[in-house]
Structures are given as structure tokens and as C-alpha cells.
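J.: Below: sequence and its predicted model.
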Amino acid sequence: MSSQLVQRIQSELDSLVLIDPHTHINPHSAASTTLADIMGYHYYTELAHSAGLPREQIEEPGLGPKEKVGRLVEKLGDLDNTVQVSWLVEMCREFFNFEDDAVTQDNWETLYDTAEAKMAAPGWEQQVLQQSGLEKVFLTNDFDDPLTGFDTSLYVPCLRTDDLVFHFAKPETRERLEKATNISVSDAASLRAAIGQLFEHFTKNGAKACAISIPPTFSPAAVTDAEIEAVLASVLSGRELTPDESNLLSQFNFWTLAGFCAEYHLPFDLMIGVNRRVYEAGVFQGQDLYDSRVSLIQYRELFNSFPQVTFPVSVLAQTSNQELVSYAWIFPNVVTNGHWWYSNIPPHIELDCRSRLHAVPQTKQVGYYSDMYKLEFALPKFAMYRRILAKVLASDFVIDRGWSEERAISLGKLNLRGNVETIFNA
Amino acid sequence: MSSQLVQRIQSELDSLVLIDPHTHINPHSAASTTLADIMGYHYYTELAHSAGLPREQIEEPGLGPKEKVGRLVEKLGDLDNTVQVSWLVEMCREFFNFEDDAVTQDNWETLYDTAEAKMAAPGWEQQVLQQSGLEKVFLTNDFDDPLTGFDTSLYVPCLRTDDLVFHFAKPETRERLEKATNISVSDAASLRAAIGQLFEHFTKNGAKACAISIPPTFSPAAVTDAEIEAVLASVLSGRELTPDESNLLSQFNFWTLAGFCAEYHLPFDLMIGVNRRVYEAGVFQGQDLYDSRVSLIQYRELFNSFPQVTFPVSVLAQTSNQELVSYAWIFPNVVTNGHWWYSNIPPHIELDCRSRLHAVPQTKQVGYYSDMYKLEFALPKFAMYRRILAKVLASDFVIDRGWSEERAISLGKLNLRGNVETIFNA
Amino acid sequence: MSSQLVQRIQSELDSLVLIDPHTHINPHSAASTTLADIMGYHYYTELAHSAGLPREQIEEPGLGPKEKVGRLVEKLGDLDNTVQVSWLVEMCREFFNFEDDAVTQDNWETLYDTAEAKMAAPGWEQQVLQQSGLEKVFLTNDFDDPLTGFDTSLYVPCLRTDDLVFHFAKPETRERLEKATNISVSDAASLRAAIGQLFEHFTKNGAKACAISIPPTFSPAAVTDAEIEAVLASVLSGRELTPDESNLLSQFNFWTLAGFCAEYHLPFDLMIGVNRRVYEAGVFQGQDLYDSRVSLIQYRELFNSFPQVTFPVSVLAQTSNQELVSYAWIFPNVVTNGHWWYSNIPPHIELDCRSRLHAVPQTKQVGYYSDMYKLEFALPKFAMYRRILAKVLASDFVIDRGWSEERAISLGKLNLRGNVETIFNA
């Protein structure tokens, strides 16, 4: 396959201005202020810890940002091969005039200082957005986020609902809900009213999606008010729930959310498959893993019951991708969404991307999201995806199918940007 | 890898006349009469529906073939990327002088009329067979098919047994069985006799295989007459079975079929993993999906109990392919069979084909079957497979292993044709 | 991708002298004495049997080595495509001046005689070690192996523990344990003492690992002495255990082993996923298969409880590899280890190798082990791996990431050799 062909396609994809449909950006502090904001990303802390750096050294109370970076740099050599470290080097080269191949004990201090100076300059956030070709950035907002103090047409709110579905039995969740809605939950009806209030608040403020991450054991199901009242009463009385009751409550709240997604015309992002806190001695955000034995058949009732709701689905394990492709090929309301977390590495992206492009209607694929916590990450992550997409378009469409380059590029642009606009009404 | 090398291998494979070992062809109406026969294939209706075309528009009672095609064409743009639509375009180009890259609102009517005229010409069926290089076509016959009125040396009967195994509790199944065999089932012995009668009828008429598709939850097991009599009595009395009873009945009938496969020397095609009617609001034949959590360990007792029966096995999910490769590598009576349904797309075929060619005896692999409902599909589907096979032979055998082209081509021919002859005694 | 680039990288990797971290070599008879030692390897007998050679012909009592080879050669044509037969041809070419492309009925006798003569020459074992670039070879020793009569710095002992964990209820296991340790097991304390004795014996004799293969259903868990005493008493009294009791005993012994691995600073090799004796009519060592529905989540408690023990993990099914990559990325004590058994074929190795190199710290990957029974196999098996590794380094690192060749080669050397030294303290 000619590398010029790939280059030409990639350069067309590179010119595209993007909407990033899933991130963890804090809109009040979107860009980094030191390299510690970048290297504090859990990918680096967890990999450094995995390679032998004690958690206590990474998360020492009172540790200053420069010292933290210095400690992490000691382990970077062991992680040199990872695609995550390649993002770091690419960020440093693109944003901070870095010219070396690796961040090492010899060059990191200069890099740190350069980065700090650049980040402190006025307009850094705007510069990153512009250099990265980002037009809009979707957020992940707590359900009680006031959504004030930022430009919601640039930083688009999304209602994240893990706490409501999986931690409603915790008093603090219910207190936050009451505070956010002024509704005191006493039964199914008031619970539904409170959740409805959140949708009202979020959509008024420009929210474009509801989202949740889900453990592999969970199966959504319809639960009636009558079925849940006793469980709710137990929760409100402070009694600990049995696993079955707890699951029923999760199902009730999940189903209620899906109902409001229908009413408020919001896509419901499902991120399927994560087990939380598997490695409890791990660093912050570096404790979650999964059981790849999960199936979309668990979502059969949901997909059938809410034909009017679009479900952009992300899966954690590559083995789930074929099911995702097949379900999106059959169900009008199932859409493939990005390459999530442990699947977000080139060999998995490549295979997943190829199978989606061959078998899912082209209008039903959201190619990529960055999942970033700091703005600087969009550039290298989307660049990685664009390189893979350009290769797949060149090999599978231009060469194998005999498509023109223009046609392949159009498919790529739809995948990277067009579908984000239509599916999320962005 | 030199594209000339791939071309040379492919052109040798292209010259091969084929036996298609699994289709859904109706031998009384094997070829299409209008483009609606082709575009009515569930791949197009379900993908168009998935992309947003309401089922009611696709399946409107009384809808004429031309109008149906017109409606589907409106959605083809959204499916342009799929390999299924690439088959459509390839058929149109090969059979109907079509010269465009896509079937669109602007060109479809001319195409429709051209196709209709060609299909109406005398000898169309023969022309398609010849142009596609098809020597024999295996069918999928209902167990009560009289198998008359067609040339069984061209259209080879195969006994399809899903109804017997999974729908025997339905009165219509038992009525059909009684009508086909003149045996009134009253107990295990008469049930066995009736099933035996079917084998007698089918093998007398040249049948070359028994076949069944199986849900992921099913595990074949030996069931004695004594164990099944009470269940049979319940069925015959019209009482609804419990899930356990229903499963026992399925196991009994399945095991009985395997026994007759041994007696009548028929291979037993197992197509493992489909869940029926997952999306009940879907179009005809576009409602089935799967749960990839299935294992061939469920077939352990079967494979051990019938060493004299050859089991050509198809799996639905790619993740099952490695198990299939390993079981075919160990069990003499397990053979790999084609690339089924949701796995029948290039990225999955390629990986599955590679692992089979590297690890399963070359005499135990049936490379491909078309699964077609209309004759015109064999050409583009086998062409897709031959392109992938040629690439794999070139890269993995000629280049990586240093094989001569002739040797690689021989392996390809065995995979495409030779093994079909020996395994199915065709 | 330029084939010269791959060649240059491969030739650097080829020059590396290796430590093979997992084999089944018998140090008292490490090299072969006839071709029957090579072709008696279960890969050839099971594949020949799978292709139709009756077990009785392969395992006929009193069958001489030359006749056995003659019988197997009759079936080699059917296996010609397999990578396992490519190892055979490569061995014959590298060691026995064989110049043909295939071992056939026409050339095998000459080959047999040549091989026999070479193997009988003094220093054959040393010659194979040298020609294969092997510096040390890890063994798989029964727990009651005296470990005498061989050079443990060349043939490194490893304590294999399947019998202790999964067959402790068999009287012969307990008799062997008593004989090996002079400790009569009467309760949890004496059982622990006996197992501790084995670690003392093995580490005194230079053992570098404890190892076990595990069925997909097993989940390690901590079991207290109090919980196990009644079960132990039953075992000792000769009463047959229930499945639950049997599992508890396995868990107790497994956990005890992990504890001693911590105390004696031995890595604990876990080979996860094999079902034994699935095909009982199969040839010797050709009866085992698997259920790919296994998850590393089953090892959650183990990995959390023994942070000081390194677990080099091998998985049987490719679908488990992504979990392995993810767990090694998060848990400091989980290391990826080789490409085991049914995954040890190029298409699976390639994808598994790529995902590991992109996402697991480079210091936590043991690239390959031969798993061989006779010394001659290391050469073709490691050659296969080195070819794949060289391709991945060229495509994914030099080309896609812009690395220098030197840097890519360093990563390859760490993967092939450096990590074996550090992880196994070899």
C-alpha cells in the first residue's frame, strides 16, 4: 500500500475541525497549568505504578507539581513503548517545542519550565483549542452541576448518571439530588420527578447527552413503581439493601433515565463493561478493570423498549466489539461510539474500526472521542485515530474496493465529524 | 507484498468451478426475476431499516417490486460503506452492465429495467450458474420437503432440522412430520421411526448433509427413551412444557438426528450461536442476534459420542473461531465450515481464515459457502472470499513461509473446492 | 513496509543468545535420539490423528521409532499447511541437512537415518544448544523431583504444582509428597510444612519459578486452616470429596503455594484456561481443550493479596489476551508471559504481541518461551516468534511511531531476553 496514498487521506482528515463527543474536561480549568496536570493523568500514574513506582510516592500529600513530575519521569523509560507515552511526547513536541524522542531525567526540567511558561501565557486555552482543531468539547457533568460560569456552546454539558443508578443508596447521593432539585425523594413518584428536574435543568443549559458507565453484570430492565416502593422505603430508612434490592433500584433508576432521554430527545451514551475498584491499592483512577464476559444481549429489553432513544454504545473489551457491530447493524437505535479505555490502543482500534466500517451503516458510527481530562490530550489522541482511519480507508476502501480517494475521505469525515453533529444534534 | 503476486494467485482461484456447500436457494425459483429479489435479501432490508427506513415502508402489504426497490434505494447512500452493498454493486456490474460506483436515485430505474429484461431472458438461471462458476448448489430443505421437481444433482438436498429440535412442541411441526412420514408419533420409538423415515427419504433423493442452527444456550446430551416418554406424553396431550422439559426434548431429538447421521453417513452441519427474535420489531429475517458467550465445550459429549459423524461447524461470533480452530485441530470429526452471517465480513474472515490455515489440517477446512437466497449472490460473495484467501496465501505462505505459488494455489483450491467434495461426498 | 527493514531488525534479534523460560525438557535426556522423539511431540501425533490416523496405529505397544515415524509421515501431507509442520521442516533443514520442502514418503527414510546418525554423535546436545543460541533452559519439574544429576545452572528447575493443587485427593500424590518431604500430612499445619519443604528443596537447587496450569472454572481464594481441616480429614480417611470440598482443597493448596512464593521470592507462573481430557479417545497429550469463557477477574483476590509475588501469566485463548494486557497494565505484580499452546500460532501471536507492546510497560513482558519437550524445538519456535516480533517492531514502532531501528531493536531484546533475566532473577 502506497504511503503517499495514506498521507494524502490523512492530511485531508487532519484538516477537519472537530467536535469531541466525550471528555472529562473541567470547563473552569480546561487546559493544563503545569506538566503535572498532563502527567497526573491516570494513564501515566497507573503505568508508572505498574512498572514499580509506589503509590505513596505518586500520591504523597503536599507533593508539589514539579517534584511529582520528576518522580514520574524516573519511570518513563519503562513505559517508553506504550502508546500513552507516545501521546505525551507528541504533546510536548506540538505544544512545547520539545525536540527529543523521549522525556528523560536529563531533559524534563527544561521541558517542565517551558511548558509552565507557555501555559501561563494569556490565551493558552484558546491556543490549544485552535491548534487541536476543536470546535466543541462535550463534558461529563455530575448530575448536580449548576452548569454556570462557562460557555455551554463551546463546552457542551452531558448528564453523567453513574451515581444515580449505582450509588443511590448512599445518603450523600440523595442529599445532592435533593439540593439540586429541591425535591425530597419519598417514593417512586418523587424520585421520578427529581430525575425529571435534572433533565429539565440540563437540557435548558444545552446538554446534548445523558451518559453512564456500567459494570458487566448489569442488565437493564423495566421496574414498576409498585415493585420499587418497598426498596425505596428501605433506602430512605437507612436499612442496607440486599444485592437483589440494590440491583432492582439500579434498574428502576436506569429505566427512568431512559424514559427521560426519550422525553427530552437526548442520546443515552452507554459505556459498558467496567468493574470498579478491582485493584484497590492502585493509584487514583487506576483501580478499575473488567470481565470480558459481558453481552449486549443484556440490553435486549432496553433497545426494544426505547426505539425513540439513540444509544451510542462504547464497549471496554475488544471481544465485545463484534457484538456492538452486529447490534448496530440490526437495531436502528444502536450506534457505535469511539474506542474506550482499554480498547483505545492501535491494534484494537484498527480491527474495531475496520469491522465497523465494513458492516455498520456509515451514518451510525461515531469514530472517536478523546475521553480527556485536560485539553492538550485531544491533539495526540485524535491524531492516533486519524492515522489509523487513514490507513484503513486506504487499504480497505481505495485499494480493496476500488473507491476514489474523495469517496474514502468523505467516509472518514462523516466518521470523524459529520455523525457527531447529527447523532448528538450538536 | 507485491500486488502482482496476489493477482496471480487470485486469478488461479477465480478459474475454479465451485460447489457451494450451504445456501437457501429455492430450486424451483433459483434465480431472481427482478432487482427486488436481490434487494429484498435481509442484508439490505435490515441495514436500510437500521439506517432509519421504517419497517412498514419496506414490508407494506401489496407493495410492488419496483416500488420496494425505489424505497430501499433511498437509504442505500447510508449503507454505501458496507460490504453487503459492495456485493450489490458487483452483481449489477457483472450481470447487468451497470457501470456506476453506486446505485442511486438517479440510476436505479434504468438498472431495474435492464435487470428485469435480462432475468426474463431464457436461460438466465443457467447463465448465472455458468458465469458464477457454480457446478452444484447445496440447499436448505424443510424436513417435509418432497424433493421433487428439480435436478438433485445440481441442487443438492440438505435436511434442515431446526423445527424438529427446537419447535417440536408446536402442533404444526408434528402435523408436518406425520404428513411427511405417515407415522403418528406416540412415543420415543415412533418419534425415532419418523425421524429415521426422513433420513431415508432425504438420502434416497441425494441429500448430502443434515444441518441445524443452534442458540448459544443449548448443550447436546444423550437422553434415553425412558427419560423422554413423560415429556413426549405431555407434548402430545397439549400441555405446555417447562423450560427444562423443552430442553430435554430438544436434546432427545438432536441426539436422535446425530444417530441417524451416523447410520446414513451424513455430515451434520452445526451452525452455533444464534439467538432468534432479539429485535422483534425488525424486518423479516432481520431480528436475530447473539450472545458471544458460547463455548464448544458444550459439544464435548456430542463430539466424543459420534466419532463416525463429521461435524462441519460454523460459528457466529469471531471470538468462537479460535475454539473452532482448536477443536478441529484435536477432534478428527470436527471440521471448520465457512464464515457465517455476522462473521462474514472481510476483517473477520481474514483473521479466521489465517488462523485456520495455520493450525487445522488442510483437509479439514471448508473455506466458504454463500448462504445465498438467490443465485446471483454466489458471484460477489465467493469473489470477496477469494480475494481474502489470495492475500492470505500470498502473505502467510508464499512470503512468510517461502512456499512456491503453485503450492499455495493448491492449498487454496483444496480449501475452496477439494474439501467440499471429500467432506460432503459431493 | 520495506522487507530490508524487517530483515535488519530480525538479524539483530537472531543474534541474541536466549534463556528459555518455560519448557518440558528432561535434563537427563534433553536432545532427541531419533526423529521419533521429534515427531512423537503431541503436536504431530494429535494433528495426524485429527487428520484420520487411528490412535491405535500411533500408540501401538512395542512400536519401534522408525516405524512410528513412517506411519506419521503418511499423514504429513494433510498437515503440510500447519505452522507445526513448518517447525519440523525447519528443524530438519537446520540440523539434518534436509533440503526438500516437505517430509514425504519418498525422503523420510534418508532423513531418519541422517538424523539418527547426527543425534548419536558425541556432543549433540551441546551442538543443539549452541546452534539454537540457548544459554539456559527452564524445566518443569514434578514436586518430588530430586533435582540431581544435571547442571541446574543450565537446566533451571521450576516447581510444577498441578498435582498438589488439583490431584491432592489421589493417594499417590500424598504418598509422593510424604516420600519427598518425610512429612506425613495429618492436618493443615503438616500440609503447609510439607509444601514449605518442597520450596526449601527447590530453591536450594536453583529453582527460579513455581508454575501451574489451571482450568477455566478455578478461582483462587484464601482458605483458613480451620476451614480446611474437615476436608483434609476426609481426604486422609479415604472418603471421596464433594465438588465443593475438592475446590476448597485446591484453593487452600493454591493459596499456600502463593504464600511460599512470597516467602521464597519465586515468581508464580500461571497458565490459565485449560480443560483436561476433553477428548478422551485422543492421543497422549492430545486430549485437552478449553472454554474461552474465563476471566482474570477470577484472580482479583490473588493479585491483591500477594503484591510481593510476581505472576507471569499465560492465557490459552486469544480473547483472554486483552484482559491480560489490561491487568498487566494496572497490577504491578502481573506480567505477560509468552504465547501458550493454542494461541501459539502466527495470527494470534502477532495480534497479542502488538497489543502488549503498545500498552504494557516494556519491563513487564516475557516475549516467548518454547514449551518444548526436546531441545531441537527451540530453534524453529523462537525463529517464528522473532520473525513476528521483527515485523511488529518495524511496522508499529519504526514506521508508525518514527522510532530509530536501534531503539526498536532494544525493545525487542528486552522482550526476548532482558526481561527473562530480571523477572525470573535468571
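T.: On my side now, so go ahead.

J.: Give me the mean pLDDT for the longest helix seen in chain A.
T.: Using DSSP state H to define each element, chain A has its longest helix at helix A:243-264. Summarised as a single mean, pLDDT over helix A:243-264 is 98.

J.: mind checking the SS state of the residue nearest the centre of chain A?
T.: Chain A has A:Asp371 as the residue nearest its centroid, 3.7 Å off, counting by Cα atoms, centre = their mean. When classified by DSSP: H, G, I helix; E, B strand; the rest coil, A:Asp371 comes out as coil.

J.: quick one: pLDDT of the closest residue to A:Pro65 other than its chain neighbours?
T.: Leaving out its chain neighbours, the residue that sits closest to A:Pro65 by Cβ to Cβ, 6 or more residues apart in numbering or on different chains is A:Ala36, at 3.3 Å. Using the backbone N, CA and C atoms, a C-beta is placed for each residue, glycine as well. Looking at A:Ala36, its pLDDT reads 98.

J.: Now for the residue of the stretch 101-250 of chain A found nearest chain C: which residues touch it?
T.: As assessed by Cβ to the nearest Cβ, chain C sits closest to A:Asp101 within the stretch 101-250 of chain A, at 7.4 Å. By Cβ atoms under 8 Å, 6 or more residues apart in numbering or on different chains, the contact list for A:Asp101 reads A:Val89, C:Trp403, C:Ser404, C:Arg407.

J.: again, but for A:Val309
T.: A:Ala258, A:Cys261, A:Ala262, A:Leu266, A:Pro267, A:Phe268, A:Asn333.

J.: May I ask which two of the residues you listed are separated the most?
T.: Spatial extent of these (Cβ to Cβ) is set by the pair A:Leu266 and A:Asn333 at 12.7 Å.

J.: Could you check which of the two is surrounded by more residues?
T.: For A:Leu266 versus A:Asn333, neighbours defined as other Cβ atoms under 10 Å in any protein chain shown are more numerous around A:Leu266 (24 against 21).

J.: SS state for that one?
T.: Relying on three-state DSSP, one would call A:Leu266 coil.

J.: give the contact list for the residue nearest to it when sequence neighbours are not counted.
T.: Nearest residue to A:Leu266 in three dimensions, chain neighbours excluded: A:Cys210, at 5.0 Å (Cβ to Cβ, 6+ apart). Applying Cβ under 8 Å, 6+ apart, we find A:Cys210 in contact with A:Cys158, A:Leu159, A:Thr161, A:Phe199, A:Phe202, A:Leu257, A:Phe260, A:Cys261, A:Leu266, A:Pro267, A:Phe268, A:Asp269.

J.: Enumerate the beta-bridge partners assigned to the residue nearest to the last one when sequence neighbours are not counted.
T.: If I follow you right, that is A:Asp269. Leaving out its chain neighbours, the residue that sits closest to A:Asp269 by Cβ to Cβ, 6+ apart is A:Ala211, at 3.8 Å. Beta-bridge partners for A:Ala211, by DSSP bridges, are A:Arg160, A:Asp269.

J.: In contact with A:Ala211, which residues are there?
T.: A:His22, A:Thr140, A:Cys158, A:Leu159, A:Arg160, A:Thr161, A:Phe268, A:Asp269, A:Leu270, A:Met271.

J.: Would you indicate which residues of stretch A:238-252 are buried?
T.: Residues A:Glu245, A:Ser246, A:Asn247, A:Leu248, A:Leu249, A:Ser250, A:Gln251, A:Phe252 are the ones in stretch A:238-252 that count as buried (16 or more other Cβ atoms under 10 Å in any protein chain shown).

J.: Which helix or which strand is home to A:Ala233?
T.: Following DSSP states H and E, one finds A:Ala233 within helix A:225-237.

J.: show me where the stretch 301-426 of chain A has helices.
T.: Here the stretch 301-426 of chain A has its helices, by DSSP state H, counting those that start in this stretch, at A:321-330, A:346-359, A:378-392, A:405-413, A:419-423.

J.: how about the third one, does it get close to chain B?
T.: No: using Cβ under 8 Å from any Cβ of the partner chain, helix A:378-392 stays clear of chain B, with a minimum separation of 9.2 Å.

J.: buried ones in the strand or helix carrying A:Gly77?
T.: Per DSSP H and E: A:Gly77 is located in helix A:65-79. Using 16+ other Cβ under 10 Å as the test for burial, helix A:65-79 gives A:65-66, A:68-79.

J.: and if you look at stretch A:223-236?
T.: Result for stretch A:223-236 [16+ other Cβ under 10 Å]: buried residues A:Val223, A:Ile228, A:Val231, A:Leu232, A:Ser234, A:Val235, A:Leu236.

J.: Run the angle between the helix holding A:Ala233 and helix A:243-264 for me.
T.: Orientation of helix A:225-237 against helix A:243-264 (axes from the mean of the first three to the mean of the last three Cα atoms, to 10 degrees) gives an angle of 120 degrees.

J.: rewinding a little: the longest helix of chain A packs against which elements?
T.: helix A:162-166, helix A:188-204, strand A:209-214, helix A:225-237, strand A:268-272, helix A:300-305 (3 or more Cβ pairs under 8 Å, 6 or more residues apart in numbering or on different chains; DSSP states H and E).
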